[in-house]
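> task: produce atomic coordinates for the following.
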Amino acid sequence: MKILKENGIDYIGAGFNSREAFSLKIKEIEDAKIGSLAYTNLGFGRKLGNRLDK
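Numbering: from 1, shown residues only. Presented below is the predicted three-dimensional model:
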């Protein structure tokens with residue numbers, strides 16, 4: 001992710017903390033706005049589920 005960020009390449013569904021990983025990415029292409037979200041269930045359940053890093 002560090003290399004992607006350094007080169008101006010957007011990514012979704014990953015991040016350096018959960019707030020970044022779960023955030024909406026919006027791109028504007030000509031006159032249209034496109035929003036993307038990506039989630040993966042790794043089986044951690046409630047232990048890590050709804051907790052956001054501060």
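
> buried residues, the lowest-mean-pLDDT helix or strand in the chain. List them.
The weakest-scoring helix or strand in the chain, judged by mean pLDDT, DSSP states H and E, is helix 18-21 (a mean of 82). For helix 18-21, a neighbour-count test (16 or more other C-beta atoms under 10 Å) marks A21 as buried. The way it works is simple: take the backbone N, C-alpha and C, and place the C-beta from them, glycine included.

> strand partners (parallel or antiparallel) of whichever helix or strand comes after that helix?
Once the chain leaves helix 18-21, the next helix or strand it forms, by DSSP states H and E, is strand 25-29. Strand 25-29 has the following strand partners under DSSP bridges: strand 32-36 (antiparallel).

> quick one: contacts of stretch 29-43?
I12, G13, A14, F22, L24, K25, I26, K27, E28 (C-beta atoms under 8 Å, 6 or more residues apart in numbering).

> count of neighbours near the residue nearest to the last one when sequence neighbours are not counted?
Yep, that's E28 we're talking about. Nearest residue to E28 in three dimensions, chain neighbours excluded: I34, at 7.8 Å (C-beta to C-beta, 6 or more residues apart in numbering). Here the number of neighbours of I34 (other C-beta atoms under 10 Å) works out to 9.
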